[in-house]
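# This is a predicted model, with the sequence first.
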Amino acid sequence: MTNKQLADMSTIPGWNLVHNPPRRNPRGALVGTVVSDKMNKTVNIAVDRFKLIPKYRKRWRFTKKFMAHDEQEVCNMGDLVMIVPCQKISKHKHFMVREIIRPKGQL
């Protein structure tokens with residue numbers, strides 16, 4: 001490429017990805033495992049969070065369960081899913097399943 005082409009950043013292939021990288025996760029998104037899919041259009045997601053205890057150099061695991069809306073009922077037990085906050089749907093349900101990151105049984 002010539003110096004003139006390099007001066008114009010838009011002509012460099014992939015410049016828009018480097019300059020303005022896409023956001024990895026939407027705001028407020030959580031990743032967890034499906035622990036129950038027995039309800040209609042609802043799945044129960046267990047989200048693990050870790051806190052490091054410096055004195056003992058150990059991780060303390062906290063698990064919280066959220067109910068999430070699954071419109072097409074595609075989630076199964078053991079799937080790793082991403083849930084995003086949405087408008088409150090019912091008393092306990094205020095998340096929606098965005099995508100299945102890894103189905104159960106796949107590495």
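That came through, no problem.
# tell me the contacts of residue 97?
Going by C-beta atoms under 8 Å, 6 or more residues apart in numbering, residue 97 touches 43, 68-70, 75, 81-83. Quick note: C-beta positions are derived from backbone N, CA and C, even for glycine.
# which residues sit in contact with residue 92?
Neighbouring residues of residue 92 by C-beta under 8 Å, 6+ apart: residue 67.
# one step back: and the contacts of residue 97, which is closest to residue 35?
Nearest to residue 35 among the contacts of residue 97 is residue 43, at 8.3 Å by C-beta to C-beta.
# Can you say which helix or strand has that closest one in it?
Assigned by DSSP states H and E, residue 43 belongs to strand 42-53.
# ok, that strand: who's next to it in the sheet?
According to DSSP bridges, strand 42-53 has the following sheet partners: strand 30-39 (antiparallel), strand 58-69 (antiparallel).
# Direction included, what does the next helix or strand after the longest one pair against?
When you say that, I think you mean strand 58-69. Per DSSP H and E, the first helix or strand lying C-terminal to strand 58-69 is strand 80-85. If you go by DSSP bridges, strand 80-85 pairs up with strand 30-39 (antiparallel), strand 93-102 (antiparallel).
# Report the distance from the last one to the chain centre.
This means strand 93-102. In this view, strand 93-102 has its centroid 7 Å away from the chain centroid, taken as C-alpha atoms, centre = their mean, to the nearest Å.
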